[in-house]
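1. Model the following, please.
(one chain, ligands or ions: 2)
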Amino acid sequence: MSNIEQTLSIIKPDAMERNLDGEIKLMFEKDGFKIVKGKKIKLAKSEAEEFYKVHETKPFYNDLCEYLSSSPIMVMILEKENAVLANRKLMGATNPKDAEEGTIREKFGISIDKNSVHGSDSVDNAKIEISFFFKN
Ligand code: IDP
Ligand code: MG
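-> Ligands and ions are numbered 1, 2, ... in the order given. Predicted coordinates for the structure are as follows:
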């Protein structure tokens, strides 16, 4: 039975600053994702804080929100069979050092904080994150 899902992807400041967005989008498309919607935006720090609220208690929360709001990002709705898990797999581990070969973070990630992409971690969070950026 088919299970088409949507997930939220963000190309983070470190990758945008190196003009890697075209290459990263191509990786999604080659992996069979449809980019349903996409836009380049710059978040206010307060918006980054709202987006990353689940990490509020972590020691890196403030730096993380500073970073995500430091320069423009590309937010996208990606769609394919089991998109949430498939995107996590294509992204690779949070720390680029641990990311499998051929994954986005292995190829482009600089460090655990500057790891080039965000992807929703569950179907429920994907819905919340998609509606955060794409209100219609
Ligand atoms: P994920 O992006 O792979 O889902 P999360 O644990 O949800 O990873 O963390 C969100 C983001 O916070 C990571 O992508 C990374 O940018 C940052 N982050 C996670 N752990 C650390 C850390 O130990 N130090 C600094 N930044 C971190
Ligand atoms: Mg996460």
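
2. Got phi/psi on the residue nearest the centre of the chain?
-> Residue closest to the average C-alpha location in the chain (CA atoms, centre = their mean): residue 118, at 2.1 Å. Main-chain dihedrals, residue 118, degrees, to the nearest 10: phi -120, psi 150.

3. ok, now residue 59?
-> Per degrees, to the nearest 10, the backbone of residue 59 is at phi -60, psi -20.

4. What parts of this structure come near ligand 1?
-> 55, 60, 64, 94, 112, 113, 115, 118, 121 (CB under 6 Å from any ligand atom). C-beta here means a position set from N, CA and C on the backbone, and glycine is covered the same way.

5. quick one on the thing from earlier: wait, the residue nearest to the centre of the chain touches residue 13, no?
-> No: the pair residue 118 and residue 13 does not pass the contact test of CB atoms under 8 Å, sitting 11.0 Å apart.

6. Count the residues that sit near residue 58.
-> 11 (other CB atoms under 10 Å).
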